[in-house]
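Enquirer: no sequence on this one, just coordinates:
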């Protein structure tokens, strides 16, 4: 009887001696501190390789103050405002066309990149296309498009559409892989073809996510279309680059204010639409 009564007490004591430990990805504390030390050494090496001196930093603050002073107040003349409005309309149009074209190309790529609904050869080919479109920066694509197609909004549309494919296809393919395959199997059990299974079993599950991603990518493309113009690919970026080259910093400020205003409006519209869809 004494043995039976002492067993619970012993287990309670062992439980009391157990202490909580924070979950960690490291095998032991020596490995953890070695990784921390390596990261700090890498940061120190990176800072040292940039050769940032206190004198250079202080002189940069002075130059920055002079630049801001020359930008204020922003240029608001009628002629300048008219050019600004015209280029901003072109920027928004570029973003709209590039979004529609990019999503149209992305859809077959995304369906092919979903492992649960596409055969292996198609899956690997689609994943390769996604990796290729994500590997090259949009500004580099814009430079190549300008060389191939010349200056103007067409080059910007090609560059933004190219980046839309990599972004939209990857995220939408991941959503397709997370669908409930039970609904798809139920549609197939009725004798539906593969295409009908996609239309009636897959598409209804991803329509809300598709709409949210499309609006989100349009919001991103509005910002991207203001950047590609710096290399001559149309939009308000062309106006910004010319103003910099002519040292018209007050007009640069006006262009920047217009870009910020349009991006804020696009962000607001994007947030409202995504909230309603979800």
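Expert: Sure, I can see it. Small disclaimer: the values here were computed from a predicted structure and weren't measured. Numbers count the residues shown, from 1 in each chain.
Enquirer: from here on, contacts and neighbour counts on C-alpha atoms
Expert: OK.
Enquirer: confidence score at residue 185?
Expert: On the pLDDT scale, residue 185 is placed at 83.
Enquirer: host element of it?
Expert: Using DSSP states H and E, residue 185 maps to helix 181-189.
Enquirer: Show me how far that helix is from its chain's centre.
Expert: 33 Å (Cα atoms, centre = their mean, to the nearest Å).
Enquirer: Neighbours of the closest residue to residue 198 other than its chain neighbours, how many?
Expert: Nearest non-adjacent residue to residue 198, counting by Cα to Cα, 6 or more residues apart in numbering: residue 184, 7.5 Å away. Burial measure for residue 184: 22 neighbouring residues, criterion other Cα atoms under 10 Å.
Enquirer: Also residue 40?
Expert: Neighbours around residue 40, by other Cα under 10 Å: 12.
Enquirer: Same question for residue 178.
Expert: Using other Cα under 10 Å, residue 178 has 13 other residues around it.
Enquirer: What separation do you get for it and residue 190?
Expert: Using Cα to Cα, to the nearest Å, residue 178 is found at 23 Å from residue 190.
Enquirer: secondary structure class for residue 240?
Expert: At residue 240 the chain is in helix, as set by DSSP: H, G, I helix; E, B strand; the rest coil.
Enquirer: mind listing what it touches?
Expert: 230, 252, 255 (Cα atoms under 8 Å, 6 or more residues apart in numbering).
Enquirer: which element is the last one on?
Expert: By that I understand residue 255. helix 249-277.
Enquirer: re the thing from before, what element comes up after the helix holding residue 185 heading to the C-terminus?
Expert: Following helix 181-189 in sequence order, the next helix or strand is helix 194-197 (DSSP H and E).
Enquirer: What's the mean pLDDT across that following helix?
Expert: Mean predicted confidence for helix 194-197 is 81.
Enquirer: Could you point out the helix or strand that follows that helix?
Expert: Trace forward from helix 194-197 with DSSP H and E and the next one is helix 203-227.
Enquirer: in that next one, what's buried?
Expert: Across helix 203-227, burial judged by 16 or more other Cα atoms under 10 Å covers 205, 209-210, 212-227.
Enquirer: Remind me what that helix packs against, helices and strands.
Expert: helix 78-112, helix 153-177, helix 236-245, helix 249-277 (3 or more Cα pairs under 8 Å, 6 or more residues apart in numbering; DSSP states H and E).
Enquirer: Give me the mean pLDDT for stretch 151-167.
Expert: For stretch 151-167, the per-residue pLDDT averages 90.
Enquirer: Residues in contact with that stretch: which ones?
Expert: 90, 94-95, 97-99, 101-103, 105-106, 129-134, 137-139, 141-142, 145-146, 149, 217, 221, 224-225, 228-229, 232-235.
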